[in-house]
Every structure is written in structure tokens, then in C-alpha cells.
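Asker: following is a predicted model, sequence given first.
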Amino acid sequence: MSQAFNDLYELAVQRKQAPEENSYTSYLFKKGLDKILKKCGEECSEVIIAAKNTEEGEREELKNEVADLLYHLIVLCVQCDVKWSDVEEILDKRSKKTGNLKQFHNTENDML
């Protein structure tokens with residue numbers, strides 16, 4: 001991930017350990033898991049709506065909503081003591097896999 005992403009993760013860790021007044025991140029940690037989950041859900045919905053409303057060449061709203069979602073997911077990870085390096089490790093392993101399309105479709109069909 002980018003340095004900015006890692007910096008944001010580290011800032012969230014700092015805000016959880018040492019809350020600061022007037023910090024939105026500190027506010028989320030103070031309110032707890034339910035508030036963080038609510039915000040993640042809201043941001044997911046906003047990403048979906050922005051994607052649906054995105055026209056060719058006009059992606060600013062979608063970019064902003066994805067950034068909001070990623071921020072709230074970072075806060076969730078910190079709240080639940082999930083290290084970002086662990087998430088990156090999983091993504092790295094998945095990116096090296098090939099030939100999973102049939103398995104994916106079988107799983108998808110099982111869910112229907």
C-alpha cells in the first residue's frame with residue numbers, strides 16, 4: 001500500500017492510544033465498535049450509490065467515497081487489533097493465486 005495509507009493507519013493507532021480533542025478518529029474510538037460499524041455500513045452504501053451514478057470521466061464522487069470507506073475500515077481494523085500488514089499479507093497471497101475462477105463460480109452457485 002501507499003505510504004499515505006500506512007501513515008493513516010499509524011495515525012489511527014496513535015489516536016486510539018492517545019485520543020485528541022476535536023479529532024474525528026478519536027471520537028469514533030470513544031463511541032466504540034457499534035459506531036465504527038455503522039459508519040462502515042454507511043460508507044459502503046455511499047460507494048455503491050456513487051459507483052452507480054458515475055458517468056464516464058466523472059469519478060470524483062466515487063474516489064471520495066472509496067477514500068471515506070477505506071478510512072473507516074482502517075479505524076475498524078485498529079479497533080479490532082487487526083494489523084494492516086496482516087491484511088496486506090493476505091492480499092499478497094491472493095494476488096499470486098491463479099485458476100480460482102471455477103472455484104469462485106462453484107462457491108457462488110452454492111450460495112444461490
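Answerer: Thanks, I have the structure now. Keep in mind that this is a model prediction, so the values were computed, not measured.

Asker: measure how buried Glu43 is and give me the count.
Answerer: The number of residues packed near Glu43 is 19, by other CB atoms under 10 Å. The way it works is simple: take the backbone N, C-alpha and C, and place the C-beta from them, glycine included.

Asker: which helix or strand contains it?
Answerer: helix 33-53 (DSSP states H and E).

Asker: what are the buried residues along that helix?
Answerer: For helix 33-53, a neighbour-count test (16 or more other CB atoms under 10 Å) marks Ile36, Lys39, Cys40, Glu43, Glu46, Val47, Ala50 as buried.

Asker: check stretch 73-84 too.
Answerer: Under 16+ other CB under 10 Å, the buried positions of stretch 73-84 are Leu73, Ile74, Val75, Leu76, Cys77, Val78, Gln79, Trp84.

Asker: can you pull the phi/psi pair for Gly57?
Answerer: phi 80, psi -10 (degrees, to the nearest 10).

Asker: could you dump the buried residues of helix 33-53 to JSON lines with pLDDT and distance to Thr98?
Answerer: Below are the buried residues of helix 33-53 laid out as JSON lines (pLDDT from 0 to 100; distance: CB to CB, whole Å):
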{"residue": "Ile36", "pLDDT": "98", "distance to Thr98": "35"}
{"residue": "Lys39", "pLDDT": "98", "distance to Thr98": "36"}
{"residue": "Cys40", "pLDDT": "98", "distance to Thr98": "31"}
{"residue": "Glu43", "pLDDT": "97", "distance to Thr98": "31"}
{"residue": "Glu46", "pLDDT": "96", "distance to Thr98": "33"}
{"residue": "Val47", "pLDDT": "96", "distance to Thr98": "28"}
{"residue": "Ala50", "pLDDT": "93", "distance to Thr98": "31"}
